[in-house]
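Q: predicted model and sequence below, questions to follow.
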Amino acid sequence: MLADDHQLMRSGLRLMIEQQPDLTVAAEANDGREVVALARSLKPDVVVMDIGMPNLNGIEAAHQITQSQPDIAVIMLSMHSDESYVLRALKAGAKGYLLKDSAEADLIKAVHAVAGGKSFFSPAVSKVLLDDYVRKLKRTGTEDAYDLLTPREREIFQLIAEGKSNKDVANLLNLSVYTVETHRANIMEKLRLRGIPELILYAVRKGIIS
Amino acid sequence: MIGRFQSCKICIVQKICFILYPVSPLLQKNTSRTLVPAEDPHSGEQFQKLRRILLIAFGGLLLLLILGGLDALLSVLKLSRIEQEVTRRFTAHSQALSAITVSVHVYDDQMEQYLLREQEPAHATREFDAINRSAEIHAALQQYPLDKEPDEQVLIKELERGLAEQENSFAVASSWSAEDRHQRAHRFIGEQLIPQRTHILQITQQISLLNGRKLGEKKEALAASFRSVQTRLQRMVGLALTAGILLSLVSGLYILRLERQGSERYQALVRSRQELEGLSARLVEVQEEERHSISRELHDEVGQTLGALLVDLGQLGKLVPPEDRVIQGQINRIKAVAENAVKSIRDMALLLRPPMLDDLGLIPALEWQAREVSRRSEMEVEVRSENVSEELPDEIKICIYRLVQEALNNAATHATARNAKVTVIRGMDKISVEVADDGHGFDPDRQRGMGILGMGERVKRLGGMLTIRSAGGTGSTVSAELPIQPAHSL
């Protein structure tokens, strides 16, 4: 399903998607309220949605959709590569973050990725986030907290960032859920993160996921 | 699509022009209307006339008082001089009369002694005494000041006659022999000397009475002229008093009028000042609204159109076989141009009105702003916030955002700071913002650029207060407090 308040943009995106044999556009929405209502009735696999929309903006709409229907993967479409936007989108439950500039190149990749339960961020976003991060480290003279993580913690960090639950991680690594939880708490403490969205953002910034 | 883009561009250009020049026509139009109303040219003339009249009136009153006072003073002086003269004359008359009386008594006494004496004195001595006494009487009579009044003259003549009689009698008696004298002395004294003396004394009595009467008359006349002076003075005082009261009434009215005009002018000034403040607030508002609409226009219309164009170009690129290098190259060049346009449009829109404020809220927008400044300059910015919910009124958000934007730009460009810290704290009924940097600072009292003025204007409009603390070398701190409706849910 596509949601953008600009007809031109929507038709361009639709054209790209319909060229793919395994993808169809279930519906198009013009604003935030419409997309929430349509998502509820049509239950699409993926919603590609602009951040700046009238009535209800994309962030709020994404939040409402992922709250009521966690199965729907939301890709935010935005003109901005700034951390504020990415973090908000993640907090709203979006799985992917796509820049409009690179929509043409990355849209199909992104849709496939989120449909497969992974996250997707435009390469340009990762680059901006990383640049900001590195510059800040350099100027403030602080060490990269990521270096403080143990190899095991890094492994768990990556799995969590990819969207795996504690239980999944425990199964994959043959650990108890309790141990995974402890590791997870340590990682959050060391990297000074508050919540999963910030963890994902951190991972994107470090280029651990894309 | 191209036609539409062009029309968009024209409308944006028009709007940008309006942003750049919104102040002059509006301001001119309004100031000419709101300034103190121009004074009526006639009222100025009237005032001058009134002032002249008042001046003349006051001068007249003063002159009246001075003249009246002088007249009264002169009259009183004259009267007192006349009175002195009258008294002096009366005293002189009285003195002369008593001298005459005394001389007559002495003369008579001596004559009696002479006539009643037992022994013959030396002839010379007798003669001498008699002549001497007579001369004394005449001298006393000469001393008497004559007023040339008929009554008085008659009496004086009478007195002279009496004296002459007495002298004659004595001349007769003095020629007597001792025997004659012895025989006739007593009779002479009883029949001639005493009646003559009594007559003379009666005349002097009459003269004295006459003098007394004249004194009374003169005193009466003096009192009358004194009364007339008094009346004149009273009239003058009455006139001056009336004129004074009239004048003070007129001047009182004049002052009241001036006062009223002064207060009217003050009111007009206050009003025009308020209107100017309102106008400048409105300017800020209009500017913000215009920026918002242009930004949206740029972002929504131009940006989206170009975005769609890029998508279409991508599609086109896929349709053309990769071997066709010429067309592929052409498409890529068009794409690059479009991407450039997208980027500059986005930058313009961001500068005019960051969509983060609407999309994400105040703090993310400030964080974005902080990172933007960090990317562009050598300064690292940290944003810290407490209790700041996103349900803030739009004008507060804009105000804080613009304030931080201005302060950070100043710090990065003018003060060449390395670090800056933005703090936003929401209290019960206010929200406070602080931007502190470690640059080389400035003197906030002297260096007040348009930026600081603008900040002050924005903050003042929302009823807040802007404080700038800065000193050379120690960095600067820009802080503001804005009143806000108490939050229902913090």
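A: Sure, I can see it.
Q: quick one: the strands in chain B?
A: Secondary structure of chain B by DSSP state E: the strands cover B:380-386, B:419-426, B:430-437, B:465-470, B:476-483.
Q: same question for chain A.
A: Remark: strands assigned in chain A by DSSP E are A:2-3, A:28-29, A:46-50, A:73-78, A:96-99, A:120-121.
Q: export those to TSV and tack on mean pLDDT, distance to chain B and mean neighbour count?
A: Backbone N, C-alpha and C define where each C-beta goes, glycine included. Below are these laid out as TSV (pLDDT from 0 to 100; distance: least, CB to the nearest CB, whole Å; neighbours: other CB atoms under 10 Å in any protein chain shown):
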stretch	mean pLDDT	distance to chain B	mean neighbour count
strand A:2-3	82	12	26
strand A:28-29	87	14	20
strand A:46-50	90	9	27
strand A:73-78	89	9	27
strand A:96-99	88	10	25
strand A:120-121	86	17	27
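Q: could you tell me which helix of chain A is the longest one?
A: Looking across chain A with DSSP state H, the single longest helix is helix A:123-140.
Q: that helix vs chain B: in contact?
A: Yes: using CB under 8 Å from any CB of the partner chain, we find that helix A:123-140 touches chain B at A:131-132, A:135-136, A:139-140.
Q: against residue B:185, how distant is the residue of chain B positioned farthest from its centre?
A: Of all residues in chain B, residue B:179 has its C-alpha farthest from the mean position, at 108.5 Å, by CA atoms, centre = their mean. As for residue B:179, its distance to residue B:185 is 11 Å (criterion: CB to CB, to the nearest Å).
Q: got any residues that touch both of those two?
A: By CB atoms under 8 Å, 6 or more residues apart in numbering or on different chains, residue B:179 and residue B:185 have no common neighbours.
Q: ok so, going back, for chain A, find the nearest of the strands of chain B.
A: For the strands of chain B, proximity to chain A was assessed by CB to the nearest CB; strand B:380-386 is nearest, at 4.5 Å.
Q: and the closest one, what does it pack against?
A: Packing partners of strand B:380-386 (3 or more CB pairs under 8 Å, 6 or more residues apart in numbering or on different chains; DSSP states H and E): helix A:123-140, helix B:362-376, strand B:419-426.
Q: right, and residue B:299 touches residue A:79 too?
A: Yes: between residue B:299 and residue A:79 a contact is recorded at 7.4 Å, counting by CB atoms under 8 Å.
Q: where do the contact lists of these two overlap?
A: Contacts common to residue B:299 and residue A:79, judged by CB under 8 Å, 6+ apart, are A:52, B:346.
Q: make a markdown table out of the strands of chain A and add distance to residue A:187.
A: Listed next are those as a markdown table, based on distance: least, CB to CB, whole Å:
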| stretch | distance to residue A:187 |
| --- | --- |
| strand A:2-3 | 34 |
| strand A:28-29 | 38 |
| strand A:46-50 | 29 |
| strand A:73-78 | 25 |
| strand A:96-99 | 22 |
| strand A:120-121 | 20 |
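Q: and residue B:26, what pLDDT?
A: Residue B:26 carries a pLDDT score of 39 in this model.
Q: my error: substitute residue B:90 in the last question.
A: 86.
Q: how many residues are close by the closest residue to it other than its chain neighbours?
A: Ranked by CB to CB, 6 or more residues apart in numbering or on different chains and with sequence neighbours excluded, the top spatial neighbour of residue B:90 is residue B:215, at 4.5 Å. Residues near residue B:215, counting by other CB atoms under 10 Å in any protein chain shown, number 17.
Q: can you pull the residues of chain A lying near chain B?
A: Residues of chain A lying close to chain B (CB under 8 Å from any CB) are A:5-6, A:8-9, A:11-13, A:15-16, A:51-52, A:57-59, A:79-80, A:82-85, A:87-88, A:100-101, A:103-105, A:131-132, A:135-136, A:139-140.
Q: got the CA positions of the helix or strand of chain A with the lowest mean pLDDT in PDB?
A: Across the helices and strands of chain A, mean pLDDT, DSSP states H and E gives its lowest value to helix A:123-140, namely a mean of 79. C-alpha atoms of helix A:123-140 as PDB (Å, rounded to 0.1, in the frame of the first residue of the first chain):
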ATOM      1  CA  PRO A 123      22.600   4.000   2.300                       C
ATOM      2  CA  ALA A 124      22.600   7.800   2.400                       C
ATOM      3  CA  VAL A 125      21.000   7.800   5.800                       C
ATOM      4  CA  SER A 126      23.500   5.400   7.200                       C
ATOM      5  CA  LYS A 127      26.300   7.600   5.800                       C
ATOM      6  CA  VAL A 128      24.900  10.800   7.300                       C
ATOM      7  CA  LEU A 129      24.300   9.100  10.700                       C
ATOM      8  CA  LEU A 130      27.800   7.700  10.700                       C
ATOM      9  CA  ASP A 131      29.400  11.000   9.700                       C
ATOM     10  CA  ASP A 132      27.600  12.800  12.500                       C
ATOM     11  CA  TYR A 133      28.600  10.200  15.000                       C
ATOM     12  CA  VAL A 134      32.300  10.100  13.900                       C
ATOM     13  CA  ARG A 135      32.500  13.900  13.900                       C
ATOM     14  CA  LYS A 136      31.100  14.100  17.300                       C
ATOM     15  CA  LEU A 137      33.400  11.500  18.700                       C
ATOM     16  CA  LYS A 138      36.400  13.300  17.200                       C
ATOM     17  CA  ARG A 139      35.400  16.700  18.400                       C
ATOM     18  CA  THR A 140      34.500  15.700  21.900                       C
END
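Q: which elements pack onto it?
A: Using 3+ CB pairs under 8 Å, 6+ apart, the elements in contact with helix A:123-140 are helix A:83-91, strand A:96-99, helix A:196-206, helix B:362-376, strand B:380-386.
Q: closest to residue B:483 out of these?
A: Nearest to residue B:483, of all those, is helix B:362-376, at 16.4 Å by CB to CB.
Q: any idea of the angle that closest one forms with helix A:123-140?
A: Here the directions of helix B:362-376 and helix A:123-140 differ by 80 degrees (axes from the mean of the first three to the mean of the last three CA atoms, to 10 degrees).
Q: residue ranges with poor pLDDT in the stretch 301-450 of chain B?
A: Applying pLDDT under 70 to the stretch 301-450 of chain B flags the ranges B:442-450.
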